[in-house]
Structures are given as C-alpha cells and as structure tokens.
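S.K.: here is a sequence with its predicted model. Questions after.
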Amino acid sequence: MRVSRLMLVTLRDDPAEAEIPSHKLLLRAGYIRRVGSGIYAYLPLLWRVLQKISAIVREELNGTGALETLLPQLQPAELWQRSGRWAGYTAGEGIMFHLEDRQGRELGLGPTHEEVITALAGDLLRSYRQLPVNLYQIQTKFRDEIRPRFGLMRGREFIMKDAYSFHADEACLKQTYAAMDQAYRRIFSRCGLRAVAVEADSGAIGGSASQEFMVTAEAGEDLILASGDGRYAANQERAVSLPADAVPLPGGARAGGSGDALPTPAQSAIEALCSAHGFDPSQTVKVLLLLARFEDGCLQPLLVSLRGDQQLNEVKLANAVSARCSSEHGTLLEITPLTAEAAAKEGLEPIPFGFMGPHLEDAVLSGARSWQPRFLRLADATATALQSFVCGANSLDTHRVGASWGALCPAPESLDLRAAQPGDRCLHDPAQQLQASRGIEVGHIFQLGRKYSAALEATFTNEAGQDEPLWMGCYGIGVSRLAQAAVEQHHDANGICWPTAIAPYEVIVVIANVAEAPQRELGEQLYGAFQAAGIDVLLDDRSERAGVKFKDADLLGIPWRVVVGRGAADGQVELVQRASGERSDVPASAVLAQLQVHLERERAGLLSA
RNA sequence: CGGGAUGUAGCGCAGCUUGGUAGCGCACUUCGUUCGGGACGAAGGGGCCGCAGGUUCGAAUCCUGUCAUCCCGACCA
C-alpha cells in the first residue's frame, strides 16, 4: 500500500478526549475516530491490526478443534427470560441495550451469547456421541457500560471472540478448559503481549472456576495481587490472603462480655476513636449498613461486621448475598450504602451512624415502608475471631470497650468478606507477600457447569440412555481491547511500536525525497520486491519532507523502516528497527534477505523468546 | 446515578471578568524558495462561538434551561 493512498491523517497534538497513552496514540496516528461515547470507527490501519489478531486467534482455536460460527446479535427477550438474566441485564445497572420491534416484542443486542448458543446446542446436540463440541465466533458485542472509557478499552460496542464448549461430563469440561488456557497463553504470546493468568470472580456470567488473562500495564483498570514466587495471582475482587494479626485488647472481655460504655464525643470515625483512646484499629469491630435490591423489588437491609482495620470487598459481599437470597428474590441488582437520608425517607427513627455495634437490633427497621424488617447479618472472619473488641454502643457519642461475641449478641455467620491488600501474607506460604500491579483484562475463561443448560433445558442423552443437562464452558477474548492493550504495552515518546505479528504493516519503505529519480526508482523497486516476497509493506511515496515521513513512520509504529535516500544512487539504503532505534546501512540488494530473517523470527511473537 | 470539568474552523487553544457581531498555532488550497527528523515566505478557503429561551439598542461574553463529551466515584458514616 502507498501512504499517499492510505487516507492517512496524523495529528500533531494529543486530542483532548484521550487520557492514556494508547488512546492518544491510536487517535493521533489515525487508527481510530470517536463516533459517540464508547463508540469508535476502526480506520483501515486498525482494521488490519484487528484482522491479524483475529487470524492468530483463529489458528490457535482451530488447532484445538474448535469450530468457527456466527450467531445473531439481535436476540429475543424470551431467550434471556428463560435463563433468568433478562431483568438483571436490562434493569438497574444492567448492560444490555434493548428495544421493541414493530409488534411490541422485546429484543436485546447481544452483550454475550450464552443464551443463543445454549438454545442451539440443546436443539442440535442430542447424544453423548456428538460431544465434546467447542463453537466460537468473532464479532461485535454491545454493552451499555456504566462508564465507557479510554477508547477501545471499555467501549459500548467492541469486537470479541467468544467460545462455548459443551460436554458430557465435568472431567471433559476441565480438559477443554485446560486446552483453552494453553491456547490463550499462545495467542497472547504470539501477539507479542506479556500477559499473566489470574484467578477471577466469575461475576454475572456465573459458574465455578474462572481465570482472567491480564496484560500488565499502568493504565489497567484491574488491580492484580500476586505472590513474589509466582505461585499465586488473583484479581483483587477475588484475592484471598492472611490478614495481619489483631493486637489483643488489654484487659480482655469486660462487664460480662458486653463491654464497658466509653464516652466518645464526635469520634465517629475509626481513626478518631483510636487516636483519642490509644486503640489499634484491629481491636475494633466496624459495622456497615447496606441495602440490597433484588429483581423482584425486594429491598433487604444488610448489616456487615468487619474488623476495624479491614476493608470490605464488595464483590465477595455481593456473592454472599446472592447465595443467600437469589433463590427467593431473583437476581441481585445492586448493593448501595444505607444512608441516613434513605432511612428517614423510609420513616425510620434516626440510626446512630458512626456509633453502631453489631448488636444493632432489627427494631431500628420497624415501620419501614418498603424494606424487609430484618437485617441480613454477615461478618468477616477477622471480626468474629476477636475475643474482645471495641464497637459502637448504638447510641450517639458512645462506644463499648471489651465486648465479646455471645455476650453482646450472637456471632453472625462468619465469611471471607475482606479485601486482600498488597503486603498481606499469602495462604499458600505465609512467608510470601502479595504484590500489587495493574492489568488490562484481555481474556477470561469460565467453567460454567450446567447453569445455562439446566435453565434452557439443553440436554443430551448419555450412555445410559438418560437425558441430562450439558456441561458448559465459555471463553472470551476482547479483540479490540487487545489491540489497544498492545499499544499500551508497546510505545515510546515517538509513538507506537507494534509487535510484528499484529502490526498493520511489517515494513515501511520511506523514499526520503521523491523528487530524486534514483531514490524514487529504488524505492519502487524494493516495494515491489517486498510485496513479491509476501511481506506486508507500505511505501511512503508522499512528496513530504523526509523529517515528516520519519515522524509519521515512528508514530504509526511499523516495526521496520527502510530509508531510500542519499545512498540510493550507490545502491545503499538504511534499515531501522522501530522499537530499538537500531539502524544500519545495507546494500539494497541485501536488504530483503536481512528483513526476511528478522521477520521470520518476529512473526512468532514472544513464543520464540 | 452522584461529584468535577469542558463545549469557539478538521485538531490544539485564546477571547468571556469589564457585552459592540471572532482570533492564534497546526492541518488544508495556490505560488515561490527549501529538501535526512514535524521548513520558510506570500496569498487564500473554512466557524449560526453545542442547542433553546431570556436580559439588552446590541450576546461567544450576562442569566435560565437543555444536550453532548471527558475525568473521579458509585466502598467503610
């Protein structure tokens, strides 16, 4: 391709709309344009990148025996109602774009395809003899994100590879899951990405085991916690760790175990309380009030006890609340803090916020207009493990010192609700500490089990002649996000440095001065020779000054640059590697052979490294 | 949804406090000089100043509303 014909528009200044390097560079170098919030046009250069990524994905998945297919994006609500996800995905914080057709029938734009594929599988897969099957597609997904951001990182319309596997038993599912794990590692390596696999929360998709693949980058939206020995890595949403030891409360349990009253005027924050009385935060129990909203409209107040020095992990809490309430009230839609304003609106007596203890009685909820009249009481294990502690006395400006479970109130159910923190000791080896890094989630694989197949009655006949639900796995890769993640990981002050395997073009031949016939002729000749050799080559034939063309070549990030300039008359050209900046003078007759050696190796991505 | 910010030419910005009918740099067009790291000079084209009301003789500028975009958050009282 000739640059003069490429519709190339590069920007000198960073567009105001972009914040992170990869987003700025993709805009500046003419790879993308914003059409709306979270909606981007993939310009010809980026489309080549996306196709190269897709080709790698296809090769690796086809290699595992997976079948490529293409499913509809317009999906009937009925399908989602059968799986039980319609309300959760369309109401509240739901992310599914949905609409009505002319007959008034409801439809959704596919944010994911479990429903469609499972219904198809139920229809087509009848015997264990057909299993296992793994189907995948690469297509646009639609998600009405709460907050789209960072260009392609979190778009409302984006390209995803999603795969779904079907099995006769769990062991077979685990095999395919492991095969996909391996395929994913190869895919990211071949794309030239440093990616790590981490344990993950399976979120709204559901199912049991799940693992995310993170491209490590400062601008990542996710926090990864990993042990120094490399044996444990998890998303913070999911991570487990050993909490710091609590400092024992001097004097132990007092006044029959329900504690002594202590005047604590205006000391509603743990920090203020501790500094005023010399307590350690780990000697206190803090109480959080929250409100869970369910699909059926039920509003359930939550009372969560945590050790004062610990932080709540909302994802763990949401999972715990779902497990306890969803069979009765349907999908958990959201959990919000229970505020004084909301309580007043509900017609309740004032609640002593800032001075609450775990013994706060359900009576404070009496007279509630729409809330359930009882708290769902949950506690983190760090709180229930305390022999004696400091907590609010449930009246303003007062705490209790030396309270203990049982005497004060029954200990609530003890769970893991705390957020693991960097510096925490690891479960697998207390000598190891968790270290934090940031990551961009580019892939996620799940063992779904039979959640969807049971809901959608997708069954097969087993060897014994009985019908049972299919075992399922699902596996996603954010193709467009991966492209931007690659830029985030591979750029410098001058622009993008694409890994060769996914670069839009592998080589750019720059004619320094097109007014010079020898340069022009040699440039054209090399361009033709590279094309004939199967190299993806760009020819910068524009009548710009050399400096402009060099700047643009750097910005675009083409891995190799061949400069045809002053030496052209003597048959000499310059070969420059974009990422390293290394340059050498090479006879024009030898440059193709040299390039082929480099490209041969680089096309494999990091696999060869 | 809560908070913050910004909307002026394709991009980046100034002008707004103190109302008088729009400017700079880049990009674009033409000509000349230049020609290996975003050249210089000259001449041009392009804007209902996000939109709608209001105040005023007069609004980019003041007031009200609205829309859009970006950032932070939606977690500990």
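M.R.: Okay, I see it.
S.K.: okay, CA-based contacts and neighbour counts for the rest of this
M.R.: Noted.
S.K.: element containing the closest residue in space to A:Ala569 that isn't next to it in sequence?
M.R.: Nearest residue to A:Ala569, sequence neighbours excluded (Cα to Cα, 6 or more residues apart in numbering): A:Pro518, at 5.7 Å. Here A:Pro518 sits within helix A:517-532, counting by DSSP states H and E.
S.K.: and that helix, what does it pack onto?
M.R.: Applying 3 or more Cα pairs under 8 Å, 6 or more residues apart in numbering; DSSP states H and E, one finds that helix A:517-532 contacts strand A:507-511, strand A:537-540, strand A:560-564, helix A:588-602.
S.K.: is RNA strand B within reach of it?
M.R.: No: residues of helix A:517-532 are not located near RNA strand B by Cα under 7 Å from any atom of the strand, the shortest gap being 8.7 Å.
S.K.: would you mark the buried spots in that helix?
M.R.: Under the neighbour-count criterion of 16 or more other Cα atoms under 10 Å, helix A:517-532 has A:518-524, A:526-527, A:530 buried.
S.K.: what residues does the stretch 401-550 of chain A put near RNA strand B?
M.R.: Taking Cα under 7 Å from any atom of the strand as the contact definition, the stretch 401-550 of chain A meets RNA strand B at A:494, A:512-513, A:515, A:544-550.
S.K.: can you tell me which of those residues are in helices?
M.R.: A:546-550 (DSSP state H).
S.K.: let me have those in a markdown table, extended by neighbour count.
M.R.: As requested, those are arranged in a markdown table below (neighbours: other Cα atoms under 10 Å):
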| residue | neighbour count |
| --- | --- |
| A:Ala546 | 18 |
| A:Gly547 | 10 |
| A:Val548 | 12 |
| A:Lys549 | 20 |
| A:Phe550 | 16 |
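S.K.: return the member of those nearest to RNA strand B.
M.R.: Closest approach to RNA strand B among those (Cα to the nearest atom of the strand): A:Gly547, at 2.9 Å.
S.K.: elements contacting the longest strand anywhere in chain A?
M.R.: Ranked by number of residues, the top strand in chain A under DSSP state E is strand A:434-449. Packing partners of strand A:434-449 (3+ Cα pairs under 8 Å, 6+ apart): helix A:170-190, strand A:210-216, strand A:222-227, strand A:471-478, helix A:479-489.
S.K.: quick one: the first one to helix A:588-602, angle?
M.R.: Which is helix A:170-190. Between helix A:170-190 and helix A:588-602, the angle comes out at 150 degrees (axes from the mean of the first three to the mean of the last three Cα atoms, to 10 degrees).
S.K.: ok, the fourth one next?
M.R.: Calculated by the same axes, to 10 degrees, strand A:471-478 forms an angle of 150 degrees with helix A:588-602.
S.K.: now do strand A:471-478 and strand A:210-216, the angle between them.
M.R.: Using the same axes, to 10 degrees: strand A:471-478 against strand A:210-216 is 10 degrees.
S.K.: and the stretch 51-200 of chain A, which of its residues are near RNA strand B?
M.R.: A:146-150.
S.K.: make it 6 Å
M.R.: A:146-147, A:149-150 (Cα under 6 Å from any atom of the strand).
S.K.: neighbour-wise, which one of those leads?
M.R.: The most crowded member of those, judged by other Cα atoms under 10 Å, is A:Phe150 (20 neighbours).
S.K.: so which residues make contact with stretch A:397-408?
M.R.: Residues from elsewhere that reach stretch A:397-408 (Cα atoms under 8 Å, 6 or more residues apart in numbering): A:249, A:251-268, A:355, A:359, A:384, A:386-393, A:411.
S.K.: list the buried residues in it.
M.R.: A:397-405, A:407-408.
S.K.: ok, stretch A:352-362 next?
M.R.: Those would be A:352-360, for stretch A:352-362 by 16+ other Cα under 10 Å.
S.K.: run through who's touching it.
M.R.: With Cα under 8 Å, 6+ apart, stretch A:352-362 has contacts from A:267-269, A:285-287, A:303-305, A:340, A:373-375, A:391-399, A:408-409.
S.K.: ok now that stretch, how far from the chain's centre?
M.R.: Stretch A:352-362 sits 36 Å away from the centroid of its parent chain (Cα atoms, centre = their mean, to the nearest Å).
S.K.: what about it, start to end distance?
M.R.: 14 Å (Cα to Cα, to the nearest Å).
S.K.: cool, stretch A:100-111 as well?
M.R.: 17 Å.
S.K.: state the mean pLDDT of it.
M.R.: Averaged across stretch A:100-111, pLDDT comes to 93.
S.K.: buried ones in it?
M.R.: For stretch A:100-111, a neighbour-count test (16+ other Cα under 10 Å) marks A:107-111 as buried.
S.K.: what helix or strand is the closest residue to A:Arg254 other than its chain neighbours on?
M.R.: Closest residue in space to A:Arg254, ignoring its immediate chain neighbours: A:Gly402 at 5.0 Å, by Cα to Cα, 6+ apart. In this structure, A:Gly402 sits in strand A:398-403 according to DSSP H and E.
S.K.: how far does that strand sit from its chain's centre?
M.R.: 42 Å.
S.K.: pLDDT (mean, whole number) over that strand?
M.R.: pLDDT averaged over strand A:398-403 gives 92.
S.K.: export that strand as PDB, just CAs?
M.R.: Taking C-alpha atoms only, strand A:398-403 is exported to PDB below (Å, rounded to 0.1, in the frame of the first residue of the first chain):
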ATOM      1  CA  THR A 398     -20.700   6.200  72.900                       C
ATOM      2  CA  HIS A 399     -18.700   3.000  72.300                       C
ATOM      3  CA  ARG A 400     -18.300  -0.200  74.200                       C
ATOM      4  CA  VAL A 401     -14.900  -1.500  75.200                       C
ATOM      5  CA  GLY A 402     -14.200  -5.100  75.900                       C
ATOM      6  CA  ALA A 403     -17.300  -6.600  74.200                       C
END
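S.K.: paired strands for that strand, with orientation please.
M.R.: Within its sheet, strand A:398-403 is paired with strand A:258-263 (antiparallel), strand A:389-392 (antiparallel), according to DSSP bridges.
S.K.: the ones you listed: lowest mean pLDDT?
M.R.: strand A:258-263 (a mean of 89).
S.K.: spatially central residue in chain A, please.
M.R.: Residue closest to the mean C-alpha point of chain A, counted by Cα atoms, centre = their mean, is A:Glu441 at 3.7 Å.
S.K.: now that residue, nearest residue through space, not along the chain?
M.R.: A:Met214 (4.5 Å).
S.K.: just to be sure, A:Ser275 is in a strand?
M.R.: No: secondary structure of A:Ser275 (DSSP: H, G, I helix; E, B strand; the rest coil): helix, not part of a strand.
S.K.: and the helices in the stretch 301-450 of chain A, which stretches?
M.R.: A:314-329, A:340-345, A:381-384 (DSSP state H, counting those that start in this stretch).
S.K.: list the buried ones in the helix or strand of chain A with the lowest mean pLDDT?
M.R.: Lowest by mean pLDDT, DSSP states H and E among the helices and strands of chain A is helix A:340-345, with a mean of 80. Neighbour counts over helix A:340-345 (16+ other Cα under 10 Å) mark A:Ala343 as buried.
S.K.: name the helices or strands packed onto it?
M.R.: Using 3+ Cα pairs under 8 Å, 6+ apart, helix A:340-345 sits against no helix or strand.
S.K.: any residues touching that helix, and which ones?
M.R.: Around helix A:340-345, the neighbours that count as contacts under Cα under 8 Å, 6+ apart are A:349-351, A:353.
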